[in-house]
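Enquirer: the sequence and its predicted three-dimensional model are supplied below.
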Amino acid sequence: MDKSTPAVRPIDEVATRIPKRSGLLPCLYVPIAARDTLAIERYVGRIATQLMPKSPDMALLVETYEPEKADVRLAIWDLPEAVVLHLSRQVWVHVDYRAYRRAYLQAFPDFDLTNLVLDHVMNRRVARLKGFAYLRVVPISRDANSSHGSLSERWAVEYHSSPEMQEMNRISQAAVQYADLSDIVKMLNMQGGGWLMDNVNEAKKLVDLQDEKG
């Protein structure tokens, strides 16, 4: 990437439908999937390192562009965990690459993964159905991982396997996908006694403009 690359991250306007549907403001447009490396370098950041040189383009350390300025009226920015959303250095892996834990430790050798699992923010089967070759991986707790569980992922696979969605995904011009509210719940490591939608409903309070209510 040359020096003409913008310091502020461009927005893929075609891809904003998903975060808008969750009521997310531009400061919460978090890329979690990309069509290819060109899409990463256009809408996410500069590919700084091939983490596994013997497997080129399979695991990437990305130095991200500056996101939209955080809207401090949102309660989410008061959470220490929210730093994960726009980390300046991120690990992205090819949807078919499985050694992503080793790649993550290559990128962040001092990071303690004890009691944590590494997971793709977007399910890999869904990514393949939607035509995304690269996914962001993040460390989350085992409890948070299980709370997102196979049921919601199975539903997503079935949904995107339908003929209607296959055609919509085939003609989509979106180069990246931004997180929806359930993805943000996962990245924030939110968990509890309830199921996924309970956590999503709770998270909605974090992304609403509280001072504009009442």
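Expert: In hand now; what should we look at?
Enquirer: how close does the most centrally placed residue in the chain get to Met122?
Expert: Centroid-nearest residue in the chain, with Cα atoms, centre = their mean: Ile32, separated by 2.6 Å. Separation of Ile32 from Met122 (Cβ to Cβ, to the nearest Å): 5 Å. C-beta: built from backbone N, CA, C; applies to glycine.
Enquirer: also Leu87?
Expert: Distance of Leu87 to Met122, given as Cβ to Cβ: 17 Å.
Enquirer: those two - which one has more neighbours?
Expert: Using other Cβ atoms under 10 Å as the criterion, Leu87 and Met122 rank with Met122 on top: 22 against 12.
Enquirer: can you report phi and psi for the nearest residue to that one once chain neighbours are set aside?
Expert: The shortest distance from Met122 to any non-neighbouring residue, by Cβ to Cβ, 6 or more residues apart in numbering, is to Ala33 (4.8 Å). With angles defined as degrees, to the nearest 10, Ala33 shows backbone torsions of phi -150, psi 150.
Enquirer: would you check that Leu61 makes contact with Pro53?
Expert: No: using Cβ atoms under 8 Å as the test, Leu61 is too far from Pro53 to be in contact (11.9 Å).
Enquirer: intersection of neighbour lists for Ile32 and Met122?
Expert: Jointly contacting Ile32 and Met122 under the rule Cβ atoms under 8 Å, 6 or more residues apart in numbering are Leu135, Arg136, Gln177, Asp183.
Enquirer: nearest to Tyr104 among the residues you listed?
Expert: Nearest to Tyr104 among the shared contacts of Ile32 and Met122: Arg136, at 11.0 Å, using Cβ to Cβ.
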